[in-house]
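Participant: sequence-free structure coming up:
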């Protein structure tokens with residue numbers, strides 16, 4: 001492992017609404033509200049991209065180390081007060097070398113925790129995608145696919161990951177066809193907890209949207225598993241890339257009762273839209289957040305259980321933001337709280353050289369919750385790659 005240098009981590013703690021402080025203010029008990037640490041690996045290190053909180057309150061973050069010829073993913077763990085946890089890996093860090101040549105690259109697309117505390121990370125490179133499983137204190141879990149690394153060979157770019165309550169693992173993303181074809185589609189794969197394909201899903205554990213197209217399929221943002229086992233996949237679809245959600249049956253194949261033949265598209269407020277994250281409310285309605293690919297333009301939308309726009313939410317099913325700073329909000333993740341309110345995490349641009357963490361809270365009808373916008377106001381070119389809810393719904397953002 002290389003000596004620590006260059007890479008900075010900023011973790012932001014935001015006060016929940018049950019304290020005496022103003023909801024949305026920075027939590028001063030967490031290193032004054034944010035913690036910056038100068039640990040890293042090299043000048044080629046990318047920002048931290050994913051974060052989860054373990055049941056102990058310890059904080060896991062992931063970063064991509066894009067050294068030419070040796071792309072890597074490194075996990076860092078911090079104690080609840082923001083200090084490095086030296087009991088994790090080596091000196092608080094664990095590096096996963098990703099097999100590849102000089103033209104390969106790695107990207108930490110998602111990181112999730114299993115109920116048993118083990119850590120799942122999914123990566124994409126131009127040889128396919130890999131799911132890694134790491135033990136709670138660092139080190140590869142060799143009970144998973146024999147080595148702790150499950151390789152999805154072929155033209156599969158996996159960008160979404162969820163764990164079911166029974167320990168099965170769902171992966172989703174984009175699927176291509178061999179050269180010279182430029183056609184693509186979306187896929188969902190389900191694996192048993194030991195990393196073997198789940199034969200009860202699709203064909204050999206794989207299912208896709210059923211057709212390939214040159215331009216209709218954009219990026220996959222995230223995946224959500226309904227209580228009945230059906231799979232929601234969000235992203236940008238159609239020639240103009242509209243905010244879209246596909247629903248797959250629990251056994252694989254598109255759910256024809258949802259949208260049009262399993263695909264629900266929102267009326268386009270603009271072109272080049274991509275849904276970044278999706279969740280389901282307790283009443284079965286589906287909420288997504290997303291951005292425009294060209295220019296700023298946050299949108300949050302809500303669909304009915306059948307995939308039609310919920311016109312009681314915002315304006316015709318959409319919520320947008322206006323204002324000199326808030327209108328620059330670019331969303332990465334969302335969460336639905338126990339009271340039905342919605343958190344969206346991302347970043348805002350306060351100046352040409354200044355990008356700040358941001359978390360926005362909405363009421364269940366899509367209106368702003370007291371117009372609360374939380375931003376550090378202290379970071380340069382820092383973007384939120386993820387956030388996680390702590391016990392009692394405090395918020396950490398990275």
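Facilitator: Yep, it's here. From a predicted model like this one, the values you see are computed outputs, not experimental measurements.
Participant: Please list all residues in contact with the closest residue to residue 364 other than its chain neighbours.
Facilitator: The shortest distance from residue 364 to any non-neighbouring residue, by Cβ to Cβ, 6 or more residues apart in numbering, is to residue 340 (3.8 Å). The C-beta positions use only the backbone N, C-alpha and C, and glycine is treated the same way. Taking Cβ atoms under 8 Å, 6 or more residues apart in numbering as the criterion, residue 340 is in contact with 281-282, 364.
Participant: One more pass at 10 Å, please.
Facilitator: Shown in contact with residue 340 (Cβ atoms under 10 Å, 6 or more residues apart in numbering): 281-283, 287, 362-365.
Participant: how long is stretch 225-245 from one end to the other?
Facilitator: Terminal residues of stretch 225-245 lie 13 Å apart, using Cα to Cα, to the nearest Å.
Participant: buried residues in it?
Facilitator: Using 16 or more other Cβ atoms under 10 Å as the burial criterion, the residues of stretch 225-245 that qualify are 225, 229-238, 241-245.
Participant: Report how many residues lie close to the residue lying closest to residue 311 once chain neighbours are set aside.
Facilitator: The shortest distance from residue 311 to any non-neighbouring residue, by Cβ to Cβ, 6+ apart, is to residue 317 (5.6 Å). Applying the criterion other Cβ atoms under 10 Å, we find 21 residues in the vicinity of residue 317.
Participant: Residue 317 and residue 258, how far apart?
Facilitator: Using Cβ to Cβ, to the nearest Å, we find residue 317 at a distance of 16 Å from residue 258.
Participant: again, but for residue 347
Facilitator: Computed as Cβ to Cβ, the residue 347 to residue 258 distance reads 32 Å.
Participant: Also residue 166?
Facilitator: When Cβ to Cβ is the yardstick, residue 166 and residue 258 sit 23 Å from each other.
Participant: Among those two, which residue is more densely surrounded?
Facilitator: Taking neighbours as other Cβ under 10 Å, residue 166 and residue 258 compare with residue 258 leading, 23 against 9.
Participant: How is that one assigned, secondary-structure-wise?
Facilitator: Reducing the assignment to helix, strand or coil with DSSP: H, G, I helix; E, B strand; the rest coil, the entry for residue 258 is coil.
Participant: That one against residue 230, yeah?
Facilitator: Yes: with contact defined as Cβ atoms under 10 Å, residue 258 counts as touching residue 230 (8.2 Å).
Participant: got any residues that touch both of those two?
Facilitator: In terms of Cβ under 10 Å, 6+ apart, residue 258 and residue 230 are both contacted by the residues 247-249.
Participant: Highest neighbour count among those?
Facilitator: residue 248 (28 neighbours).
Participant: Next, it: phi, psi?
Facilitator: The phi/psi pair for residue 248 (degrees, to the nearest 10) reads phi -100, psi 140.
Participant: Pull up the gap between it and residue 169, please.
Facilitator: In this structure, residue 248 and residue 169 are 15 Å apart, going by Cβ to Cβ.
Participant: Next: residue 120.
Facilitator: Distance, residue 120 to residue 169, by Cβ to Cβ: 7 Å.
Participant: ok, now residue 146?
Facilitator: In this view, residue 146 and residue 169 are 15 Å apart by Cβ to Cβ.
Participant: More neighbours: which of the two?
Facilitator: Legend: neighbour count by other Cβ under 10 Å for residue 146 and residue 169, higher for residue 169 (24 against 10).
Participant: can you tell me which residues contact that one?
Facilitator: For residue 169, the set of contacting residues under the criterion of Cβ under 10 Å, 6+ apart consists of 112, 114, 120, 122, 131, 133, 144, 150, 161-163, 189-195, 198.
Participant: from these, which ones fall inside strands?
Facilitator: In strands, judged by DSSP state E, the following of the contacts of residue 169 are found: 112, 120, 122, 131, 133, 150, 161-163, 189-191.
Participant: of those, buried ones?
Facilitator: Neighbour-count burial (16+ other Cβ under 10 Å) is assigned, among those, to 120, 122, 131, 133, 150, 161-163, 189-191.
Participant: avg pLDDT for stretch 344-364?
Facilitator: When the per-residue pLDDT values of stretch 344-364 are averaged, the result is 77.
Participant: got the buried residues for it?
Facilitator: Within stretch 344-364, the residues that qualify as buried are 344-350, 355-362, 364, counting by 16+ other Cβ under 10 Å.
Participant: could you pull out the strands for the stretch 1-150 of the chain?
Facilitator: Listed from the start of the chain, the stretch 1-150 of the chain has strands (DSSP state E, counting those that start in this stretch) covering 9-14, 34-37, 45-53, 59-67, 70-78, 93-97, 108-113, 119-125, 128-134, 149-153.
Participant: For those strands, which has the smallest mean pLDDT value?
Facilitator: Least confident of those, judged by mean pLDDT, is strand 9-14 with a mean of 46.
Participant: Would you agree residue 116 is in contact with residue 165?
Facilitator: No: the pair residue 116 and residue 165 does not pass the contact test of Cβ under 10 Å, sitting 11.9 Å apart.
Participant: Next up, the contacts around residue 199.
Facilitator: Neighbour list for residue 199: 190, 192, 205 [criterion: Cβ under 10 Å, 6+ apart].
Participant: how about the last one, what does it touch?
Facilitator: Right, the one you point to is residue 205. Contact analysis of residue 205 by Cβ under 10 Å, 6+ apart lists 168, 171, 188-192, 196-199, 252.
Participant: For residue 320, grab the count of nearby residues.
Facilitator: One way to gauge burial is a neighbour count; for residue 320, by other Cβ under 10 Å, it gives 16.
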